[in-house]
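Q: Provide a 3D model corresponding to the input given below.
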Amino acid sequence: MVKIAPSVLSLDFTKFSEQMLEVNKSSDWIHFDVMDGHFVPNISYGPIILENIKKVSDLFCDVHIMVEEPRKFSEWFIDAGADQITFHIEAVADIAAAKELITYIKSRDVKVGISIKPGTPVTAISEVLADLDLVLIMSVEPGFGGQKFMPETLVKVEDLVNLRADNDYSYLIEIDGGINGETGKLAKAAGVDVLVAGSYVFNGDIAQRVNSLK
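A: So this is what the prediction gives:
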(Lines give C-alpha, C1' and ligand atoms only; values in the text may rest on other atoms or scores of the structure.)
Protein backbone atom coordinates (compact mmCIF):
# COMPACT_ATOMS: atom_id res chain seq x y z
CA MET A 1 0.00 0.00 0.00
CA VAL A 2 1.15 3.53 -0.79
CA LYS A 3 2.61 5.58 2.06
CA ILE A 4 1.07 8.97 2.86
CA ALA A 5 3.37 11.78 3.99
CA PRO A 6 1.55 14.99 4.98
CA SER A 7 3.70 18.07 4.47
CA VAL A 8 3.97 20.19 7.60
CA LEU A 9 4.44 23.21 5.34
CA SER A 10 0.62 23.34 5.35
CA LEU A 11 0.14 22.58 9.03
CA ASP A 12 -1.79 25.23 10.97
CA PHE A 13 0.54 25.98 13.88
CA THR A 14 -2.30 27.59 15.84
CA LYS A 15 -3.75 24.06 15.94
CA PHE A 16 -0.42 22.26 16.27
CA SER A 17 -1.33 19.70 18.95
CA GLU A 18 -4.73 18.88 17.45
CA GLN A 19 -3.44 18.47 13.91
CA MET A 20 -0.36 16.48 14.90
CA LEU A 21 -2.59 14.09 16.84
CA GLU A 22 -4.59 13.46 13.66
CA VAL A 23 -1.45 13.09 11.55
CA ASN A 24 0.03 10.59 14.01
CA LYS A 25 -3.11 8.47 13.94
CA SER A 26 -3.62 8.42 10.18
CA SER A 27 -0.30 8.87 8.38
CA ASP A 28 2.83 6.86 7.57
CA TRP A 29 5.47 9.57 7.31
CA ILE A 30 5.81 13.29 7.99
CA HIS A 31 7.25 15.37 5.15
CA PHE A 32 9.31 18.52 5.74
CA ASP A 33 9.76 21.03 2.91
CA VAL A 34 12.87 23.07 3.67
CA MET A 35 13.39 26.21 1.54
CA ASP A 36 16.16 28.77 1.78
CA GLY A 37 14.88 31.66 -0.35
CA HIS A 38 17.71 31.12 -2.85
CA PHE A 39 17.34 27.75 -4.56
CA VAL A 40 13.61 28.44 -4.52
CA PRO A 41 12.00 31.86 -4.00
CA ASN A 42 10.40 31.05 -0.67
CA ILE A 43 11.57 30.45 2.90
CA SER A 44 10.03 27.83 5.18
CA TYR A 45 11.56 26.80 8.50
CA GLY A 46 14.68 25.60 10.23
CA PRO A 47 15.59 22.43 12.11
CA ILE A 48 13.87 23.56 15.33
CA ILE A 49 10.50 22.69 13.74
CA LEU A 50 11.72 19.13 13.17
CA GLU A 51 13.05 18.95 16.72
CA ASN A 52 9.68 20.02 18.11
CA ILE A 53 7.68 17.62 15.95
CA LYS A 54 9.98 14.75 16.99
CA LYS A 55 8.87 15.44 20.57
CA VAL A 56 5.24 14.66 19.71
CA SER A 57 5.54 12.11 16.90
CA ASP A 58 7.25 8.79 16.26
CA LEU A 59 6.53 8.91 12.53
CA PHE A 60 9.32 8.64 9.95
CA CYS A 61 10.64 12.15 9.26
CA ASP A 62 11.16 12.69 5.55
CA VAL A 63 13.11 15.92 4.93
CA HIS A 64 13.20 17.50 1.46
CA ILE A 65 15.81 20.25 1.26
CA MET A 66 15.28 22.78 -1.56
CA VAL A 67 18.45 24.74 -0.83
CA GLU A 68 21.65 26.01 -2.43
CA GLU A 69 23.87 24.46 0.25
CA PRO A 70 22.59 20.90 0.63
CA ARG A 71 25.57 19.62 2.62
CA LYS A 72 25.17 22.24 5.34
CA PHE A 73 21.40 21.80 5.56
CA SER A 74 21.81 18.01 5.61
CA GLU A 75 24.03 18.31 8.67
CA TRP A 76 21.56 20.60 10.46
CA PHE A 77 18.53 18.43 9.84
CA ILE A 78 20.31 15.15 10.56
CA ASP A 79 21.39 16.63 13.89
CA ALA A 80 17.74 17.59 14.50
CA GLY A 81 16.55 14.02 13.97
CA ALA A 82 15.80 13.52 10.26
CA ASP A 83 15.26 9.91 9.20
CA GLN A 84 15.77 10.71 5.52
CA ILE A 85 17.31 13.60 3.62
CA THR A 86 16.31 14.26 0.02
CA PHE A 87 18.32 16.85 -1.88
CA HIS A 88 17.98 18.25 -5.39
CA ILE A 89 20.27 17.10 -8.15
CA GLU A 90 20.00 20.66 -9.51
CA ALA A 91 21.56 22.00 -6.28
CA VAL A 92 24.89 20.19 -6.64
CA ALA A 93 27.72 20.97 -9.05
CA ASP A 94 27.81 17.60 -10.80
CA ILE A 95 27.18 13.90 -10.34
CA ALA A 96 30.46 13.50 -8.41
CA ALA A 97 29.22 16.05 -5.87
CA ALA A 98 25.93 14.16 -5.66
CA LYS A 99 27.78 10.92 -4.92
CA GLU A 100 29.85 12.65 -2.23
CA LEU A 101 26.72 13.98 -0.51
CA ILE A 102 24.99 10.58 -0.73
CA THR A 103 28.03 9.01 0.95
CA TYR A 104 27.99 11.62 3.71
CA ILE A 105 24.28 11.26 4.48
CA LYS A 106 24.58 7.47 4.59
CA SER A 107 27.58 7.77 6.89
CA ARG A 108 25.25 9.44 9.40
CA ASP A 109 22.92 6.40 9.34
CA VAL A 110 20.19 8.36 7.58
CA LYS A 111 18.37 7.33 4.41
CA VAL A 112 19.03 9.39 1.29
CA GLY A 113 16.94 10.53 -1.64
CA ILE A 114 17.35 12.76 -4.66
CA SER A 115 14.66 15.04 -6.07
CA ILE A 116 14.28 16.27 -9.63
CA LYS A 117 12.31 19.28 -10.82
CA PRO A 118 9.61 18.91 -13.51
CA GLY A 119 12.05 19.94 -16.24
CA THR A 120 14.87 17.62 -15.17
CA PRO A 121 15.02 14.16 -16.81
CA VAL A 122 15.52 10.91 -14.94
CA THR A 123 18.76 10.43 -16.87
CA ALA A 124 20.27 13.23 -14.75
CA ILE A 125 20.40 10.82 -11.79
CA SER A 126 20.84 7.48 -13.57
CA GLU A 127 24.40 7.06 -12.26
CA VAL A 128 23.29 7.15 -8.62
CA LEU A 129 19.98 5.28 -8.69
CA ALA A 130 21.61 2.17 -7.23
CA ASP A 131 22.68 4.17 -4.16
CA LEU A 132 19.35 5.80 -3.35
CA ASP A 133 16.63 4.94 -0.86
CA LEU A 134 14.17 7.29 -2.56
CA VAL A 135 13.61 9.33 -5.70
CA LEU A 136 11.29 12.33 -5.35
CA ILE A 137 9.53 13.50 -8.49
CA MET A 138 8.35 17.09 -8.24
CA SER A 139 4.96 17.38 -9.93
CA VAL A 140 5.02 21.18 -9.53
CA GLU A 141 7.85 23.69 -9.60
CA PRO A 142 9.33 23.59 -6.08
CA GLY A 143 8.94 26.56 -3.80
CA PHE A 144 5.27 27.09 -3.03
CA GLY A 145 2.36 24.99 -1.83
CA GLY A 146 -1.03 24.83 -3.51
CA GLN A 147 0.16 24.57 -7.12
CA LYS A 148 -1.61 22.60 -9.85
CA PHE A 149 -0.42 19.04 -10.51
CA MET A 150 1.58 18.51 -13.74
CA PRO A 151 0.42 15.15 -15.16
CA GLU A 152 3.32 14.95 -17.63
CA THR A 153 5.65 14.25 -14.70
CA LEU A 154 4.06 10.81 -14.33
CA VAL A 155 6.12 9.61 -17.29
CA LYS A 156 9.17 9.91 -15.05
CA VAL A 157 7.46 7.80 -12.39
CA GLU A 158 6.85 5.08 -14.97
CA ASP A 159 10.47 5.30 -16.13
CA LEU A 160 11.67 4.87 -12.54
CA VAL A 161 9.39 1.87 -12.01
CA ASN A 162 10.87 0.20 -15.09
CA LEU A 163 14.47 1.07 -14.20
CA ARG A 164 13.97 -0.34 -10.69
CA ALA A 165 12.58 -3.60 -12.02
CA ASP A 166 15.19 -3.98 -14.77
CA ASN A 167 18.18 -3.27 -12.50
CA ASP A 168 16.98 -4.64 -9.15
CA TYR A 169 17.19 -1.21 -7.52
CA SER A 170 15.51 -0.69 -4.15
CA TYR A 171 14.53 3.00 -4.05
CA LEU A 172 11.02 4.16 -3.26
CA ILE A 173 9.34 6.56 -5.67
CA GLU A 174 7.78 9.63 -4.08
CA ILE A 175 5.78 12.44 -5.70
CA ASP A 176 5.09 15.92 -4.35
CA GLY A 177 3.00 18.76 -5.72
CA GLY A 178 -0.71 19.21 -6.28
CA ILE A 179 -1.63 15.86 -4.78
CA ASN A 180 -5.30 15.39 -3.94
CA GLY A 181 -7.91 12.65 -4.17
CA GLU A 182 -7.89 12.65 -7.98
CA THR A 183 -4.22 13.27 -8.77
CA GLY A 184 -3.26 10.79 -6.07
CA LYS A 185 -5.07 8.08 -8.02
CA LEU A 186 -3.13 8.96 -11.17
CA ALA A 187 0.16 8.85 -9.27
CA LYS A 188 -0.64 5.49 -7.70
CA ALA A 189 -1.60 4.06 -11.09
CA ALA A 190 1.80 5.18 -12.44
CA GLY A 191 3.57 3.29 -9.65
CA VAL A 192 4.29 5.83 -6.91
CA ASP A 193 5.15 4.43 -3.45
CA VAL A 194 4.86 7.63 -1.37
CA LEU A 195 2.39 10.49 -1.81
CA VAL A 196 3.23 13.88 -0.28
CA ALA A 197 0.20 16.09 0.29
CA GLY A 198 0.03 19.42 2.06
CA SER A 199 -2.92 21.73 1.55
CA TYR A 200 -5.21 18.86 0.54
CA VAL A 201 -4.63 17.11 3.88
CA PHE A 202 -4.57 20.10 6.21
CA ASN A 203 -7.43 22.07 4.64
CA GLY A 204 -9.97 19.40 5.54
CA ASP A 205 -10.57 16.51 7.91
CA ILE A 206 -6.99 15.23 8.19
CA ALA A 207 -7.75 11.55 8.81
CA GLN A 208 -10.42 11.48 6.10
CA ARG A 209 -8.15 13.19 3.57
CA VAL A 210 -5.23 10.87 4.33
CA ASN A 211 -7.44 7.79 4.03
CA SER A 212 -8.78 9.06 0.69
CA LEU A 213 -5.23 8.92 -0.68
CA LYS A 214 -4.52 5.32 0.36
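
Q: What lies in contact with the strand or helix carrying Lys99?
A: Using DSSP states H and E, Lys99 maps to helix 95-107. Residues external to helix 95-107 that are found in contact with it (Cβ atoms under 8 Å, 6 or more residues apart in numbering): 70-71, 74, 78, 85, 87, 89, 92, 111-112, 114, 125, 127-128, 131-132. From N, CA and C alone the C-beta is placed, and that goes for glycine too.

Q: Pull out the buried residues from that helix.
A: Buried residues in helix 95-107, counting neighbours by 16 or more other Cβ atoms under 10 Å, are found at Ala98, Leu101, Ile102, Tyr104, Ile105.

Q: Assign the residue nearest to the spatial centre of the chain to helix, strand or coil.
A: What sits nearest the mean C-alpha location of the chain, by Cα atoms, centre = their mean, is His64, with 4.9 Å. The three-state assignment at His64 reads strand, by DSSP: H, G, I helix; E, B strand; the rest coil.

Q: remind me which residues of this structure are low pLDDT?
A: The chain contains residues with pLDDT under 70 at 144-146.

Q: Strands along that one, start to end?
A: In the chain, the strands defined using DSSP state E lie at 3-6, 29-35, 60-66, 84-88, 111-116, 134-138, 172-176, 194-197.

Q: since we're on the closest residue to Ala187 other than its chain neighbours, how many residues are nearby?
A: Leaving aside its chain neighbours, Ala187 sits nearest to Ile175 (4.9 Å; criterion: Cβ to Cβ, 6 or more residues apart in numbering). Ile175 has 31 neighbours, counted by other Cβ atoms under 10 Å.

Q: about what we covered before: out of the strands of the chain, flag the one nearest Ala207.
A: Ranking the strands of the chain by proximity to Ala207 (Cβ to Cβ) places strand 3-6 first, at 10.7 Å.

Q: Adjacent strands (with direction) for that closest one?
A: According to DSSP bridges, strand 3-6 forms sheet pairs with strand 194-197 (parallel).

Q: contacts for the partner strand?
A: For strand 194-197, using Cβ under 8 Å, 6+ apart, the contacting residues are 2-7, 28-29, 31, 62, 64, 134, 136, 172-177, 179-180, 184, 187-188, 209-210, 213.

Q: ok, now stretch 7-21?
A: 23, 30-33, 44, 49, 53, 56-57, 145, 176, 196-199, 201-203, 206.

Q: Give me the buried positions along stretch 128-147.
A: 128-129, 131-140, 142-143, 145.

Q: now, the most widely separated pair of those?
A: Pairwise distances across the buried residues of stretch 128-147 (Cβ to Cβ) peak at 29.7 Å, for the pair Asp131 and Gly145.

Q: all helices of the chain, in order?
A: 16-26, 47-54, 70-79, 95-107, 154-167, 181-190, 199-202, 206-213 (DSSP state H).
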